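Chemist: Predicted coordinates and the sequence they were generated for:
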Amino acid sequence: MNNDFVTSNIGIEKLVLGAILLNEENYWIISDILSMDFFSTEDHQKIYAVIHELASDGKAIRVPIVAGRIGGLSEGQDPDAYLSMLLHVASREEAIPLEDYAYELRSSATRRRVIALAEGMLKSAKDAKFNPDQIVDRAVERLADISRDAAIEFESTISATIGQIFNTANSSEKRGLALEPCLRGLEEMVGWYPPGSLMLWGGAPGSAKTAIAMQQLLFSSTVHPASLIELEMDNMSLVARSVSAETGVSVRDIMRGLSERQLETLLKAKEDFASRKLRIVSPSKMSIQQIRSRAYSHKRKFGLNILAVDHLKLIERPSKQRMDPIERAYENARDLKSLAKDLGCVVIALCQFTKAARQKEQPEPEMEDFYGGSLEEHADIMLANFNRNDWLKRNPPRTNQSKARQDWDEQCRITEGKIEVYKLKDRFGTPRDRRIFAWDGSTSRFQDQFATQTSMAFEEEPVF
């Protein structure tokens, strides 16, 4: 079979373009189905691009106007003459099934992309310098992109969506639609984490963002496949710190050297954690495209229900020009939200606070404290850690008068071993809330303070 015949429909492209030039209302029949990239020739792409621009601006789609905006065509063809030919071709047809033709052009475009991908895979597979696993992972990601672009995205009926919900809830795995938080207080604030959602978790340095994310991953990975992209800490220090509550072996002990008993404890922990479905990727640097590829790879090989990235500011972006760090963080948040939707998993992105946020007079977290500007438009949930005890110790009273010093000492005593978590945004619930958790820095462990925290208990918590 001739590939050109399979992957291009020049005759149909001419009929579609000619029909729009005959009657501009025809554009709106197929505008949600077609885009410029679905046409197989550069000339037809140019013509459709001009038609789209005119229609989007509310201007008339007329042959002289389109011809004037096209510029040159291939092989020196005259734009007016070519558009007149398209009009003539379309006018000879009694009826043109525009929607059917538009879907056929989408299908042909998808076929061209699949063929190009297959040819690229074959070329790479014959080159010994390429790792075959990386070839497969990249192909899976590209196929997912092709599949997404080939469909009319986000179009469904209520009934069909209810059917999807039923099938998911009634699956043999019986895991439900959302992920359970690792702490009762978090569940009281945000409920369960919905799939496809982006959670931005912020805080100043030393506010235990990584610790709470790791605690969530360890909790979830008993049932759900989970992955961590760790760009800040090294893998051994991260794991040693995160499991020290179970092992009693701290990072300092590892650095000093372990006793026989501690070595035995670590071997037992190795066996206990063998069943956890958690994979950790900890390179010194990683681009957003590499994170995306690795996430698709984990989804294909192991499954992926929750992904954490530490942290947003450190993700690199391919750019010939240096990108402002705030803009980079903003774009990274947008791409991680898209990744969450594409993979149907929960994505937790850890975020630093700005220097200005750490120096403000009223220290309680706000959305504008997140490094990266208006990140809230991408986030489904925004949480922020606040270590009030640390803030107090960095801001002692300016006077040593007995009353000021006594109040400060009392506040330090009350807040010691506690970290506050603020909910700043929630698409699925109330917009603002707060919980206070017990925090053990030696084992990097959060715990609920009480079995139940009522709204009255929340109001009675000291706020300084």
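Modeler: Received, thanks.

Chemist: what stretches of the stretch 101-250 of the chain score poorly on pLDDT?
Modeler: Scanning the stretch 101-250 of the chain for pLDDT under 70 picks out 148-157, 161-162, 164-166, 168-177.

Chemist: what ranges do the helices span in it?
Modeler: For the stretch 101-250 of the chain, the helices defined by DSSP state H, counting those that start in this stretch cover 132-150, 158-169, 184-190, 209-220, 235-242, 244-247.

Chemist: just these: most buried one?
Modeler: Mean neighbours per residue, mean count of other C-beta atoms under 10 Å, is largest over the helices of the stretch 101-250 of the chain for helix 209-220, with a mean of 23. Placement of C-beta: from N, CA and C, glycine included.

Chemist: Run the angle between that helix and helix 235-242 for me.
Modeler: Helix 209-220 runs at 80 degrees relative to helix 235-242, counting by axes from the mean of the first three to the mean of the last three C-alpha atoms, to 10 degrees.

Chemist: quick one on the thing from earlier: figure out which of the helices of the stretch 101-250 of the chain is closest to L86.
Modeler: helix 132-150 (25.9 Å; C-beta to C-beta).

Chemist: Give me the contact list for the closest one.
Modeler: By C-beta atoms under 8 Å, 6 or more residues apart in numbering, the residues outside helix 132-150 that reach it are 106-107, 109-110, 113-114, 117, 121, 124-125, 292-294, 296-297, 300, 342.

Chemist: Among the residues you listed, the buried ones, what's the ChimeraX command?
Modeler: The buried residues among the contacts of helix 132-150 can be selected in ChimeraX (16 or more other C-beta atoms under 10 Å) with this line:
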select :106,109,110,113,114,117,121,124,292,293,294,296,297,342
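
Chemist: close enough to count as contact, C412 and K393?
Modeler: Yes - between C412 and K393 there is a contact under C-beta atoms under 8 Å: 6.6 Å.

Chemist: of the helices of the stretch 101-250 of the chain, which approaches E99 most closely?
Modeler: helix 132-150 (15.9 Å).

Chemist: mind exporting the closest one as CSV, just the C-alpha atoms?
Modeler: C-alpha atoms of helix 132-150 as CSV (Å, rounded to 0.1, in the frame of the first residue of the first chain):
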residue,chain,number,x,y,z
PRO,A,132,16.7,0.2,24.4
ASP,A,133,14.8,1.0,27.6
GLN,A,134,15.1,4.7,27.0
ILE,A,135,13.8,4.2,23.4
VAL,A,136,10.8,2.4,24.7
ASP,A,137,10.1,4.9,27.4
ARG,A,138,10.3,7.8,25.0
ALA,A,139,8.1,6.0,22.5
VAL,A,140,5.4,5.4,25.2
GLU,A,141,5.5,9.1,26.1
ARG,A,142,5.2,10.1,22.4
LEU,A,143,2.4,7.7,21.8
ALA,A,144,0.5,9.1,24.8
ASP,A,145,0.9,12.6,23.3
ILE,A,146,-0.3,11.3,19.9
SER,A,147,-3.3,9.6,21.5
ARG,A,148,-4.2,12.7,23.4
ASP,A,149,-3.9,15.0,20.3
ALA,A,150,-5.9,12.5,18.2
